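[1] 3D, please:
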Amino acid sequence: MKTFSINAKKRTELGKKSTKALRTQQQVPCVLYGGDEIIHFYAHENDFRKIIYTNQVYLSELNIDGKNYKGVIKDMQFHPVNDNVLHIDFMQVYDDKPVVTSLPIELTGTSVGILAGGKLRLRRRYLKVKGLVKDMPEFLSIDITDINIGSVIKIGDLSYDSLELLDPKQSMVVGVVSSRLSKGMEEGEQVEEGEEVAAEADEGAKDNATEEAPKE
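    Here you go, the predicted model:
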């Protein structure tokens, strides 16, 4: 997992008035929880751009008034009009304690089903995992080379060293459907996951398939 350092200041005042004043100064109110104490702090909005406007997940190294903490983002609030970040919740993590987070998926290889004219269907872009920070990769790699038309990869088909996958094992992650079925879906047909595979089988294809943060 990539790391990113942020220098921040501890909040001395809480409440709506103080929060509004910080946002007026382009400061982002934050909270760090999961440790011995709940820490309210803030930093300039520009300091967060690299870790919030991305699909990657970062381990944040927080320097709050000279004291160092490690955390991962658990929740963010954005302004409904200008999309500015309003608040960030961090969960404190430790080197020797497992952490739960969601990691992005990266597909590798060229599917035989796509080469045969099928269309890729990616149902999940992140998977929830549990493990030590040192064992967290930047992304979870999934090889789709052997996925044929009508085949899918479920969470139960995947495994990663030193990581526990927490999403339902029967949930589909990625699959390949025929061009005909893909066109029907694009035109608004309601097709369930099982129906996708069944439709391909009829064509002769192979069958295969947190904590709530304290608010201000």
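[2] residue 114 in helix, strand or coil?
    Assigned with DSSP: H, G, I helix; E, B strand; the rest coil, residue 114 falls in the helix class.
[3] ok, it touching residue 174?
    No - if you go by C-beta atoms under 8 Å, residue 114 and residue 174 don't touch, sitting 11.1 Å apart. All C-beta atoms are positioned from the backbone trio N, CA, C, and that covers glycine.
[4] joint contacts of those two?
    Counting by C-beta atoms under 8 Å, 6 or more residues apart in numbering, the common neighbours of residue 114 and residue 174 are residue 120.
[5] which one of the two has more residues nearby?
    When residue 114 is set against residue 174 and neighbours are counted by other C-beta atoms under 10 Å, the residue ahead is residue 174, at 19 against 16.
[6] parallel or antiparallel, list what pairs with the helix or strand encompassing that one.
    Element membership of residue 174 [criterion: DSSP states H and E] is strand 172-177. Strand pairing for strand 172-177, using DSSP bridges, gives strand 119-122 (antiparallel), strand 152-154 (antiparallel).
[7] would you tell me which one of those is buried the most?
    Each of those was scored by mean neighbour count; the highest is strand 152-154, a mean of 21, by mean count of other C-beta atoms under 10 Å.
[8] what's the helix or strand following that one in contact with?
    Elements were assigned by DSSP H and E; along the chain past strand 152-154, the next helix or strand is strand 164-165. With contacts defined as C-beta under 8 Å, 6+ apart, strand 164-165 is touched by 127-131, 155, 158-159.
[9] among these, name the buried ones.
    127, 129, 131, 155, 158 (16 or more other C-beta atoms under 10 Å).
[10] which ones are touching residue 133?
    1, 59, 70, 93-95, 99.
[11] what's the neighbour count on residue 51?
    Neighbour tally, residue 51, other C-beta under 10 Å: 20.
[12] would you verify that it is located in a helix?
    Yes - judged by three-state DSSP, residue 51 forms part of a helix.
[13] that one reaches residue 59, doesn't it?
    No - the criterion here is C-beta under 8 Å, and residue 51 misses it with residue 59 at 9.6 Å.
[14] so what's in contact with these two at the same time?
    With C-beta under 8 Å, 6+ apart, residue 51 and residue 59 have common neighbours residue 4.
[15] next up, the contacts around residue 132.
    The neighbours of residue 132, taking C-beta under 8 Å, 6+ apart as the test, are 95-99, 162.
[16] what comes up buried for stretch 44-62?
    Under 16+ other C-beta under 10 Å, the buried positions of stretch 44-62 are 44-45, 47-48, 51, 57-60, 62.
[17] quick one, domains of the chain?
    Per automatic domain parsing, the structural domains of the chain span 2-93, 100-202.
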